[in-house]
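# Okay, predicted coordinates and the sequence, questions at the end:
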Amino acid sequence: MKKIDYKKQLKHLYGASAKKVEVVDVPRMNFLLVDGEGDPNIAKAFGDAIEALYPLSYTLKFTVKEKMGVDYGVLPLEALWWADDMAVFTTGNKDAWKWTVMIMQPEFITSAMVDEATEAVRKKKNPVSLPLVRFEAFEEGKAAQTLHIGPFSEEGPTVEKVHSFIEDDGNHRTGKHHEIYLSDLRRAAPEKWKTIVRQPMSP
């Protein structure tokens, strides 16, 4: 049985430092994604999206293990955040937030495999947002990132630190605010939550 530790292989992308902001080059990778909008704390669509991504990702993992003899750990949940008026992230109007929740998939996962896994999940659990899941490539390129430790409500200074790093280096922000959730939010205490805060940038 071949075992692949993607967190170790991609440590520069999934193992950010909390002590400093670092520059990474994020390559083109394949993801399962679901788009939505609304306050993630209360919007049913946000929870529904996650409940579709995880069983699909684990079904693919176990299929690969059984049929290909390859074992790997499912990657962390990630999310892109934006709004038509970015001021809502300051004013606190979370109902206007837009998001894409996503989980990275190994390079050998194909569209046909995703279709097969989707049908298996539909027959077993049939999560409400399963029809909204899409499988496609996503590429960020050059980005700045750091690790935030603590609840999401205290992320502000960490985000500002990343933005200042980009501007002080003579670059400007591009793309969408990106977060990678390294902790199991159901088990870890909020003050110990680990979240990679990433922002794409360009000269």
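Received the coordinates, thanks.
# going forward, measure contacts between C-alpha atoms and count neighbours the same way
OK.
# quick one: contacts of stretch 104-116?
Under the criterion CA atoms under 8 Å, 6 or more residues apart in numbering, residues 29-32, 56-57, 60, 74-76, 135 lie in contact with stretch 104-116.
# Of all the residues in that stretch, which ones are buried?
Residues 104-106, 114, 116 are the ones in stretch 104-116 that count as buried (16 or more other CA atoms under 10 Å).
# From Q9, how far out is the most centrally placed residue in the chain?
When the chain is reduced to its mean C-alpha position, the closest residue under CA atoms, centre = their mean turns out to be E78, at 1.1 Å. Counting by CA to CA, to the nearest Å, the gap from E78 to Q9 is 18 Å.
# Also V70?
In terms of CA to CA, V70 sits 15 Å off from Q9.
# cool, K176 as well?
Distance, K176 to Q9, by CA to CA: 25 Å.
# Quick one: mean pLDDT over the longest helix seen in the chain.
Across the chain, the longest stretch assigned as helix under DSSP state H is helix 44-68. The pLDDT scores in helix 44-68 average 96.
# Over to stretch 22-39?
What stretch 22-39 shows for mean pLDDT is 96.
# Just the buried positions in that stretch, please.
22-24, 26, 30-39.
# Serialize those to CSV and add fields for distance to A45 and secondary structure.
Shown next, in CSV, are the buried residues of stretch 22-39 (distance: CA to CA, whole Å; DSSP: H, G, I helix; E, B strand; the rest coil):
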residue, distance to A45, secondary structure
E22, 33, strand
V23, 33, strand
V24, 31, strand
V26, 28, strand
N30, 23, strand
F31, 19, strand
L32, 16, strand
L33, 13, strand
V34, 10, strand
D35, 9, strand
G36, 7, strand
E37, 8, strand
G38, 8, coil
D39, 9, coil
